[in-house]
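Visitor: Make a model of this:
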Amino acid sequence: MSRACLTLLLFLLPFCAMAQDGIHRCIGPDGNPLFTDQPCAALQATPVNAPPSPPKPTTTQGPPDIATAAPPAITCAASVAELRQSMVDAFATRDPNRLAGLMIWNGYGRDAVVADIRSLGALMQQPLLDVRASNDDDSPPSDTSDPASAADDHATQRRDTGQGDQLIVHTPSNDGSGSPRESRFTIVRRSGCLWLRASG
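Guide: Presented below is the predicted three-dimensional model:
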């Protein structure tokens, strides 16, 4: 009798495994990792490993000038300009997790990271007025035949690598003064990429 039950169990076991949808790895709205049997979208979370998208149909039903391609993959920034654009894109989608993905969190405890992501969420609720690097100047570029251009070239190279630089974010202030609120993020080079670190 037990042999028949064991055989039946072995026969039905693969069907149970096929019925499972798997575990979804997500980042929750609060920035914490989330493992669930439900799709990430059902929990308002972002999937960590997006499933492969089905092939797009070759025919479109809209005007031909509307782009139907998926957005490009998010990669780490190699220059200050790319890091700045990634920050602008994160503000455009009002996604604190996307901005948190641009930051380096070494040395932070779990509670500090959660608190910082919550403060990023509050910051991103404000309209973005400007994002600029701390060493950006408003002066026009100098003539390259000038002997002092070597120093300018070195400053430009320093600006592109992000050494000793900060990104400064301007959002409207809540005090009604009309002057923008300034938030500073230190730029850190690590593993060939530029990352942000919250500046006190």
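Visitor: Following the helix or strand bottoming out on mean pLDDT in the chain in sequence, what is the next regular element?
Guide: Every helix and strand in the chain was compared by mean pLDDT, DSSP states H and E; the lowest is helix 149-161, with a mean of 45. Moving toward the C-terminus from helix 149-161, the next helix or strand (DSSP states H and E) is strand 166-172.
Visitor: tell me which residues in that following strand are buried?
Guide: By neighbour count with 16 or more other C-beta atoms under 10 Å, strand 166-172 contains the buried residues 166-171. All C-beta atoms are positioned from the backbone trio N, CA, C, and that covers glycine.
Visitor: what is the mean pLDDT for that strand?
Guide: In this model, strand 166-172 has a mean pLDDT of 90.
Visitor: Give the pairing partners of that strand; include direction for each.
Guide: Applying DSSP bridges, strand 166-172 is found paired with strand 130-133 (antiparallel), strand 180-190 (antiparallel).
Visitor: any chance of the ones you listed in TSV, plus distance to Leu83, mean pLDDT and mean neighbour count?
Guide: Conversion of these to TSV gives the following (distance: least, C-beta to C-beta, whole Å; pLDDT from 0 to 100; neighbours: other C-beta atoms under 10 Å):
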stretch	distance to Leu83	mean pLDDT	mean neighbour count
strand 130-133	9	90	16
strand 180-190	7	89	16
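Visitor: Can I get these in JSON lines including distance to Val80?
Guide: Listed next are those as JSON lines, based on distance: least, C-beta to C-beta, whole Å:
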{"stretch": "strand 130-133", "distance to Val80": "5"}
{"stretch": "strand 180-190", "distance to Val80": "7"}
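Visitor: shaky segments in the protein?
Guide: Counting by pLDDT under 70, the ranges of the chain that qualify are 13-21, 49-74, 136-164, 200.
Visitor: at 90 what do you get?
Guide: The chain contains residues with pLDDT under 90 at 1-78, 87, 90-91, 93-128, 132-165, 172-183, 190-193, 197-200.
Visitor: Contact partners for the residue nearest to Ile23 when sequence neighbours are not counted?
Guide: Leaving aside its chain neighbours, Ile23 sits nearest to Phe35 (5.6 Å; criterion: C-beta to C-beta, 6 or more residues apart in numbering). For Phe35, the contact set (C-beta atoms under 8 Å, 6 or more residues apart in numbering) comprises 23-26.
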